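**Q** Fold the following for me, if possible:
(2 chains)
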2 protein chains.
Amino acid sequence: MFALGVDPGLSRCGYGAVVRERSGLRAVAAGVIRTPPDQPVGERLAALLAELRSLLAELGPDVVAVERVLFQANARTAMAVGQASGVALVAAAERGCPVAQYSPNEVKQAVVGYGSASKPQVQRMVQALLGLDERPRQPDTADALALAVCHLSGAPLRAAVAAKTGVAP
Amino acid sequence: MFALGVDPGLSRCGYGAVVRERSGLRAVAAGVIRTPPDQPVGERLAALLAELRSLLAELGPDVVAVERVLFQANARTAMAVGQASGVALVAAAERGCPVAQYSPNEVKQAVVGYGSASKPQVQRMVQALLGLDERPRQPDTADALALAVCHLSGAPLRAAVAAKTGVAP
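**A** Got it, this is the predicted structure:
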């Protein structure tokens, strides 16, 4: 099972690809897609869509785990994040790739063990779980990897339930 | 000058195309794009993108006027509207079509004359300004036509300013 985590954003969109092997979880790719702030929003979103398409074509994940946007932040940021998340969902849907959405709290709960974990805690746990030589410094990258880990850590249970019940995970 | 107004939404996305001629404003097309609520969000957004692409290819507007989303409504609706607006901006950008964004208040101000106008007032003014035989019943359609009217009514002034100052309208 191979999951691509996406932490949507217009200025910075984090991504992190994680594969689950018999020996455990392994990070395959991680980074940040940036779009130039001086361009019109539409062009930036179109550029983000093109980048995400390339990434999906290159990596071919089984599932895309996207952060569920919550509108508690300021309205301007939330707007851009909502638009970017829409673009991420479109990129996945165009490839027929299933999407799972997780709130920041669900991700922290799955990765660190409690929902109000700090950014550094998430970064350290991502490093430990993926056996990385160093902590993923950029929060967007760490969050994206954490999304993939969150999905993969829950996936076996969901698959088992699906096999029993006939309901897709 | 030919403007396509888009009132973004996931369940219902209104559109209205208006052309400015010497004799005044004329509605060319209007309607609502719907996506099935039982499908995953990504597929619905991808379907919306495909529909908007067809619409832009068919109509070939000079500009797309999109409602600027404000996050004062409930979080779930705002999220879907933000994602749908992102898709609309992408569809326009992919064609190299300029986008103008207006808040609901700016639209009401331009069309009715004051920012806190009611939906029926907007519908009546859209009917009057476009010389329609009947009121556009669906609020999404009326709002989309109003967005196009809002852009076209301000466009000559902006173009004149641009010609004087060298700044694009």
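**Q** So for the lowest-mean-pLDDT helix or strand in chain A, what gets flagged as buried?
**A** Within chain A, no helix or strand scores below helix A:139-165, which has a mean of 81 by mean pLDDT, DSSP states H and E. Neighbour counts over helix A:139-165 (16 or more other CB atoms under 10 Å in any protein chain shown) mark A:139-155 as buried. Where C-beta positions appear, they are placed from N, C-alpha and C, glycine not excepted.
**Q** ranges for the strands of chain A?
**A** A:2-7, A:12-21, A:24-34, A:63-67, A:99-102 (DSSP state E).
**Q** So what angle separates the directions of the first one and strand A:63-67?
**A** Pointing back at strand A:2-7 there. Angle of strand A:2-7 versus strand A:63-67, following axes from the mean of the first three to the mean of the last three CA atoms, to 10 degrees, is 20 degrees.
**Q** count of neighbours near A:Q127?
**A** For A:Q127, the neighbour count with other CB atoms under 10 Å in any protein chain shown is 17.
**Q** Who are the contact partners of the residue lying closest to it once chain neighbours are set aside?
**A** Excluding its sequence neighbours, the residue lying closest to A:Q127 (CB to CB, 6 or more residues apart in numbering or on different chains) is A:R135, at 4.7 Å. Shown in contact with A:R135 (CB atoms under 8 Å, 6 or more residues apart in numbering or on different chains): A:123-124, A:126-127, A:142.
**Q** Please identify which two of those are farthest apart in space.
**A** The most widely separated members of the contacts of A:R135, counting by CB to CB, are A:R124 and A:A142 (9.2 Å).
**Q** Next one: A:V112 from B:G96, what distance?
**A** As judged by CB to CB, to the nearest Å, A:V112 and B:G96 stand 45 Å apart.
**Q** A:G82 now?
**A** Distance from A:G82 to B:G96, by CB to CB: 24 Å.
**Q** These two: which has the busier surroundings?
**A** Each of A:G82 and B:G96 has its neighbours counted (other CB under 10 Å); A:G82 has more, 25 against 9.
**Q** Read off the pLDDT value for that one.
**A** pLDDT for A:G82: 89.
**Q** likewise the one 3 residues further on?
**A** What the model reports for A:S85 is a pLDDT of 94.
**Q** what sits against it?
**A** A:S85 sits next to A:8, A:66-69, B:79, B:82-83, B:86 when contact means CB under 8 Å, 6+ apart.
**Q** So which of those residues are in helices?
**A** Residues of the contacts of A:S85 located in helices (DSSP state H): B:79, B:82-83, B:86.
**Q** As CSV, these with distance to B:G31 would be great.
**A** Below are those laid out as CSV (distance: CB to CB, whole Å):
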residue, distance to B:G31
B:M79, 24
B:G82, 22
B:Q83, 21
B:G86, 21
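**Q** count of neighbours near A:L89?
**A** 27.
**Q** ok, it touching B:G82?
**A** No - judged on CB atoms under 8 Å, A:L89 makes no contact with B:G82 at a distance of 11.6 Å.
**Q** Tell me the spatial nearest neighbour of A:A84, not counting adjacent residues.
**A** In space, and not counting its chain neighbours, A:A84 is closest to A:P8: 4.0 Å by CB to CB, 6+ apart.
**Q** Enumerate every residue touching A:L129.
**A** A:24-25, A:111, A:149.
**Q** what's the answer for A:V63, then?
**A** Listed by CB under 8 Å, 6+ apart, the contact partners of A:V63 are A:1-4, A:97-100, A:151, A:155.
**Q** Swap in 10 Å and give it another go.
**A** A:V63 makes contact with A:1-5, A:92, A:97-100, A:148, A:151-152, A:155, A:169 under the criterion CB atoms under 10 Å, 6 or more residues apart in numbering or on different chains.
**Q** likewise A:V90?
**A** A:45, A:49, A:52-53, B:41-50, B:83, B:86-87, B:90 are the contacts of A:V90 under CB under 10 Å, 6+ apart.
**Q** Now the buried members of those.
**A** A:45, A:49, A:52-53, B:41-49, B:83, B:86-87, B:90.
**Q** Buried residues of stretch A:107-114, list them for me.
**A** Taking 16+ other CB under 10 Å as the criterion, stretch A:107-114 shows A:107-112 as buried.
**Q** The residue nearest to A:A84 contacts A:G82, correct?
**A** Yes - using CB atoms under 10 Å, A:P8 makes contact with A:G82 at a distance of 8.3 Å.
**Q** Return every residue with contacts to both of these two.
**A** A:69, B:83, B:86.
**Q** Appreciated, that's everything.
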